[in-house]
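Enquirer: Okay, predicted coordinates and the sequence, questions at the end:
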Amino acid sequence: MMIDYSQVTFAVGRQSATGIEPLGTAFAVGPRKLATAFHVTGARDDGLVIIMPRFKSIAEYQDTTDQQVRMLTVTIAAANPVRDLCVLELPENATLQFSYSLAGADLVPPGASIVTLGFPHLNFGRMILTQQRAHVGARVLIANESVKSKHIVLNTQAREGQSGGPVFDASMTQIVAVLIGSYAPGGGGGISLGGVDPATLHQTTHAISAEYVSEML
C-alpha cells in the first residue's frame with residue numbers, strides 16, 4: 001500500500017507552559033522510529049513532540065488559519081551529535097507505515113535530481129509541509145571531531161524549520177540524505193534582519209548521507 005509522504009513527515013516541537021516551540025522536521029524510518037537533525041532536538045527530550053498531519057495528502061490545500069494541533073510525545077532513541085543526526089521513538093501504541101527505503105548519498109552524483117520535504121519558516125509559526133525539487137551541486141566530505149562524513153550540496157535555499165527533513169531521490173522511493181541546513185561559515189553572519197541571517201541567503205544547502213541513520217537504527 002502506498003502511503004502519502006505527507007503522512008510520515010512531521011513538524012517537531014517542544015511543549016512548554018507557554019505553548020509549543022517549533023524546532024524542525026522529522027520523518028519515519030521505522031514502525032516507531034523517526035529521523036531528524038541533532039541540532040533540531042539537542043540532547044534533551046523533555047517536552048519533545050511531533051505534530052500530526054492535518055490533511056490526508058500533500059495535494060490538498062493546507063489551511064494557514066488552522067492553528068489546531070494534535071501531538072505525540074517522542075523520546076530520543078539514539079543521537080549522533082558528531083554527524084548531527086538524531087533518531088526519535090514514538091510511544092508503544094503508535095506505529096507508522098511507509099513505502100520508501102533508506103539509502104545514501106552514493107546514489108545521487110552531481111546533477112542528479114532530488115526532492116525535499118520540510119516546513120520552511122516554521123520559526124514564524126508557518127506549519128506548511130512543502131515539497132521542493134532541486135539538483136545535487138556537489139558531493140563533499142566534511143570533518144567534525146576528526147570524523148569525515150558524506151554530504152551532498154543541494155542547489156536550493158533552505159530556511160528555518162526544514163532541518164531534519166528527508167531528501168529523496170528523483171523517484172521518491174529512496175531517502176538519500178537528511179537536510180542539515182544552509183551553509184553558514186562560522187555559524188552565521190552574527191546579525192539578524194527580520195529573523196533571517198543574511199549569511200544563509202544563498203543557493204547552498206547541506207544534507208548528510210542517510211546511510212548514517214541506518215547505522216543508528
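Expert: Thanks, I have it. Numbers count the residues shown, from 1 in each chain.
Enquirer: Please report the number of neighbouring residues for the nearest residue to Asn144 once chain neighbours are set aside.
Expert: Distances taken as Cβ to Cβ, 6 or more residues apart in numbering put Val82 closest to Asn144, at 5.1 Å, once the chain neighbours are dropped. C-betas here are computed from N, CA, C, even on glycine. For Val82, the count of nearby residues is 14 (other Cβ atoms under 10 Å).
Enquirer: Next up, phi/psi of Val82, please.
Expert: The phi/psi pair for Val82 (degrees, to the nearest 10) reads phi -60, psi -40.
Enquirer: got the contact list for it?
Expert: 144-145, 147, 149 (Cβ atoms under 8 Å, 6 or more residues apart in numbering).
Enquirer: list the helices and strands the longest helix seen in the chain packs on?
Expert: Taking DSSP state H as the criterion, the chain has its longest helix at helix 211-216. Applying 3 or more Cβ pairs under 8 Å, 6 or more residues apart in numbering; DSSP states H and E, one finds that helix 211-216 makes contact with strand 75-80, strand 85-89, strand 101-102.
Enquirer: so the longest one versus strand 85-89, what angle?
Expert: Looking back up the chat, that one is strand 75-80. Using axes from the mean of the first three to the mean of the last three Cα atoms, to 10 degrees, the direction of strand 75-80 lies 160 degrees away from that of strand 85-89.
Enquirer: residues of strand 75-80 that come out buried?
Expert: By neighbour count on 16 or more other Cβ atoms under 10 Å, the buried set for strand 75-80 is 76-77, 79-80.
Enquirer: average pLDDT across that strand?
Expert: For strand 75-80, the mean per-residue pLDDT is 98.
Enquirer: Stretch 118-126 now?
Expert: Mean per-residue pLDDT for stretch 118-126: 89.
Enquirer: Please identify the buried residues of it?
Expert: By neighbour count with 16+ other Cβ under 10 Å, stretch 118-126 contains the buried residues 118-123, 126.
Enquirer: Out of those, the closest to Asn93 would be?
Expert: Phe119 (25.3 Å; Cβ to Cβ).
Enquirer: Excluding sequence neighbours, find me the nearest residue to the closest one.
Expert: Distances taken as Cβ to Cβ, 6+ apart place Gly161 nearest to Phe119, at 4.2 Å, with adjacent residues excluded.
Enquirer: Show residues contacting the longest helix of the chain.
Expert: For helix 211-216, the external contacting residues (Cβ under 8 Å, 6+ apart) are 29, 35, 78, 80, 83, 85, 87, 102-106, 149-150, 178.
Enquirer: Which one of those sits in the busiest neighbourhood?
Expert: Going by other Cβ under 10 Å, Val178 tops the contacts of helix 211-216 with 30 neighbours.
Enquirer: circling back: how far away is the residue nearest to Phe119 from Asp45?
Expert: Computed as Cβ to Cβ, to the nearest Å, the Gly161 to Asp45 distance reads 19 Å.
Enquirer: which one of these two has more residues nearby?
Expert: Legend: neighbour count by other Cβ under 10 Å for Gly161 and Asp45, higher for Gly161 (26 against 18).
Enquirer: Touching, that one and Leu122? I think so.
Expert: Yes. Using Cβ atoms under 8 Å, Gly161 makes contact with Leu122 at a distance of 2.6 Å.
Enquirer: who touches both of those two?
Expert: Residues touching both Gly161 and Leu122 by Cβ under 8 Å, 6+ apart: 11, 22, 24-25.
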